[in-house]
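Peer 1: sequence below, structure please.
(chains A and B)
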Amino acid sequence: MALTEQDIAWLARLSGLQLSADDQQRAQQELTRILGLIQELQAVDTHGIEPMAHPLAAHQDIALRLRDDAAEPPQSVVLRDTCMANAPAAHEGLFLVPTVIE
Amino acid sequence: MTLLSEFPSIPDLNLALREHRVNAVELATDALRAARSHADPHVFLHIDDELTLAQARDADHALAAGTAGPLTGIPIAHKDLFVTRGWRTTASSKMLANYTSPFDATVVDHLRTAGTVSLGKLSCDEFAMGSGNENSAFGPVRNPWDPDRVPGGSSGGSAAAVAARLVMAATGTDTGGSVRQPAALCGVSGIKPTYGTVSRYGIIAYASSLDQAGPLARNACDLVPILDAMSGFDANDSTSLESCDGKPNATGRIQADFSAAQSRFEAAGARPLHGLRIGVPREFFNEGLAACVAEAIESALKVFESLGATRVDISLPRTRLSIPAYYVIAPAEASSNLSRYDGVRYGHRAEHYGDLIDMTSRSRTEGFGDEVRRRILVGTYVLSHGYYDAYYLQAQRVRRMIVDDFQRALTEECDVIMGPVTPDVARRIGDNKQDPIADWLADIYTLGVSLAGLPGMSVPCGFGGSAGRLPIGLQLVGRYFDEGRLLAIADRYQQVTDWHQRIPGLA
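Peer 2: Okay, here's the model as predicted:
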């Protein structure tokens, strides 16, 4: 199955990526090839087989652990400042982004 | 030459430290010098003398006070996928070039508590996506055995640093073979433990149902204390296991299992591995396997037979399908995990942009390299409406079938599986530039073990390639939670072979 230019544009949008015309063309070729590779899966008879999300599910009963729904003690101001220092744009403890609602 | 190359193993170095023949600050100072002056400037991404020396001084205090453990003062380094306080954390990506972590990964914390001295951060493929360490925003790493060739990946910097004797051991992560494959191509030993035994907290996520950390070192014996210190339950990782077949998932488990297996082998006398059934999957010896690799594996199996083990022909019929299954599941999880990089809270932000959507997508496009963008696109496709069932769920069904094949072999037919790690020796840097999918196909022998979450390792077992100077790795795959025994089996092999003692030219 070959992907069209429109398919790639749609995928790029969903992926949050902007592809140049060159990138788009290359992605079209590469992804068509990759789809050919993963297409092999379609030929496998998986009737009655449960999808496996956790690798140890074949060995033991496994469930993801959830933590208690309890508030954690507040973190230090220093930690908060270290985290905020990574923000590309911040003002008084808030992350700055382009205006969303005028 | 580095001071570290004078010590053949971690226990030897530990003894020298305890007997005060050398101290941790001297070791760290020489290792820092060696790391800075190393012929390949891309192995380390960040070195900070003061941070390292502070840890070395702590180690010397512990040694003087008599509170030192088996890893006190041992120089190591971390793959740059582990977040670290103090040292920068980039995942080899432009996206995180200026990122400062507010905390240490659990593994980093554990190894620090065990007394190791970190030399800093090692290069890898960007976000651990790749098998040649060429997908780094900061330059490719070279193979210490031949600077024109790749060290493997994604833990390429880790493997190269251990091979070049810049560190005694290094951390790595393995999602589809990223510890075993570079270990094989650089002639060092590496192990990926059972999924869930080592915490993923603070490891920058690639594909969460596959990601597992593991160490690289010169030999199996050295891997034991490092992996043992790394392992353990962690409430901060929702997939971290509290127990391993009834034993607490805690430091001490792997060391105890290793010692017990070692004693059993010792007691068996001249044929220490008597009774051990080695399953050799016939699908691993197909037309894609280079002759030099096939010969090296064959010789290694003969060594195991001489130690008393028997060889069993087994079949893993869906080996070939592990490639499409992995390259659906891993990109799917990656596209989800990497959606967090939006240029708002941390990471690269484009200089010029319009609205919020434009800012995010411009930042992501600029911040991610080709391979990362490629996998995000594939992952987005297989998760998208109309394809989710056909690709993603189908891949998860095939995953179960692949895992069942391993389970059947390891419970009914054999005690351990052995075979090649890679189809060939290390390729030249730049060779697959025009064909990025070629590297994916070369992951064939490692992907199944990752999909199954089984412990797997690589030990050096010979040399091949044009001048016969490129390392070849033997893969050993154990049952779930079998790390200790697996390491003891590898150790028996290394007691009678010297492949792991060879030192590359670039050391």
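Peer 1: so what's whichever residue of chain A sits closest to chain B up against?
Peer 2: Per Cβ to the nearest Cβ, residue A:55 is where chain A lies closest to chain B, at 2.8 Å. C-beta here means a position set from N, CA and C on the backbone, and glycine is covered the same way. By Cβ atoms under 8 Å, 6 or more residues apart in numbering or on different chains, residue A:55 lies in contact with B:195, B:209-210, B:403, B:450-453.
Peer 1: could you check how far the nearest residue to it once chain neighbours are set aside is from residue B:173?
Peer 2: Closest residue in space to residue A:55, ignoring its immediate chain neighbours: residue B:453 at 2.8 Å, by Cβ to Cβ, 6 or more residues apart in numbering or on different chains. To residue B:173, residue B:453 is 14 Å away according to Cβ to Cβ, to the nearest Å.
Peer 1: least confident secondary structure element in chain A?
Peer 2: For chain A, using mean pLDDT, DSSP states H and E, the weakest element among its helices and strands is helix A:77-84, scoring a mean of 89.
Peer 1: do the helix or strand just after that helix and chain B meet?
Peer 2: Downstream of helix A:77-84, the first helix or strand assigned by DSSP states H and E is strand A:90-91. No - Strand A:90-91 does not reach chain B (Cβ under 8 Å from any Cβ of the partner chain); its nearest approach is 9.2 Å.
Peer 1: who touches strand A:90-91?
Peer 2: With Cβ under 8 Å, 6+ apart, strand A:90-91 has contacts from A:84, A:96.
Peer 1: centre of the chain to the following helix or strand past that strand, how far?
Peer 2: Downstream of strand A:90-91, the next assigned helix or strand under DSSP H and E is strand A:94-95. Centroid separation between strand A:94-95 and its chain, computed with Cα atoms, centre = their mean, to the nearest Å, is 23 Å.
Peer 1: and stretch B:429-446, C-alpha only, in CSV?
Peer 2: Extracted C-alpha coordinates of stretch B:429-446, given in CSV (Å, rounded to 0.1, in the frame of the first residue of the first chain):
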residue,chain,number,x,y,z
ILE,B,429,30.0,4.8,9.7
GLY,B,430,27.7,6.3,7.1
ASP,B,431,27.0,3.0,5.3
ASN,B,432,23.2,2.9,5.9
LYS,B,433,22.6,6.6,5.4
GLN,B,434,20.6,6.0,2.2
ASP,B,435,18.8,3.1,3.6
PRO,B,436,17.7,3.7,7.2
ILE,B,437,15.6,0.6,7.3
ALA,B,438,18.6,-1.7,6.7
ASP,B,439,19.6,-1.2,10.4
TRP,B,440,16.2,-2.3,11.5
LEU,B,441,16.5,-5.6,9.8
ALA,B,442,19.8,-6.2,11.6
ASP,B,443,18.0,-6.2,14.9
ILE,B,444,16.5,-9.6,14.1
TYR,B,445,18.3,-11.7,16.8
THR,B,446,17.7,-9.3,19.7
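Peer 1: that stretch near chain A anywhere?
Peer 2: Yes - applying Cβ under 8 Å from any Cβ, one finds stretch B:429-446 in contact with chain A at B:436-437, B:440.
Peer 1: so which of those is the closest to chain A?
Peer 2: Distances from chain A to those, taken by Cβ to the nearest Cβ, are shortest for residue B:437, at 6.0 Å.
Peer 1: correct me, but the closest one touches residue A:34?
Peer 2: Yes - counting by Cβ atoms under 8 Å, residue B:437 touches residue A:34, with 6.4 Å between them.
Peer 1: residue A:91 and residue B:463, how far apart?
Peer 2: Counting by Cβ to Cβ - residue A:91 and residue B:463 are separated by 59 Å.
Peer 1: tell me which of the two has more neighbours.
Peer 2: residue B:463 (18 against 9; other Cβ atoms under 10 Å in any protein chain shown).
Peer 1: residues near residue A:44, how many?
Peer 2: Residue A:44 has 17 nearby residues by other Cβ under 10 Å.
Peer 1: so what's it closest to, chain neighbours aside?
Peer 2: Residue A:44 sits nearest to residue B:398 (Cβ to Cβ, 6+ apart), 5.5 Å away.
Peer 1: give me the mean pLDDT for the host helix or strand of residue B:35.
Peer 2: Applying DSSP H and E as the criterion places residue B:35 in helix B:24-37. Summarised as a single mean, pLDDT over helix B:24-37 is 97.
Peer 1: give the buried residues for that helix.
Peer 2: By neighbour count on 16 or more other Cβ atoms under 10 Å in any protein chain shown, the buried set for helix B:24-37 is B:24-25, B:27-32, B:34-35.
Peer 1: same check, this time on stretch B:9-16
Peer 2: Those would be B:9-10, B:13-14, B:16, for stretch B:9-16 by 16+ other Cβ under 10 Å.
Peer 1: closest one of those to chain A?
Peer 2: Looking across the buried residues of stretch B:9-16 and measuring by Cβ to the nearest Cβ, the closest to chain A is residue B:10, at 29.7 Å.
Peer 1: for the residues of stretch B:429-446 next to chain A, which single residue is the most surrounded?
Peer 2: Neighbour max across the residues of stretch B:429-446 next to chain A (other Cβ under 10 Å) = residue B:440, 21 neighbours.
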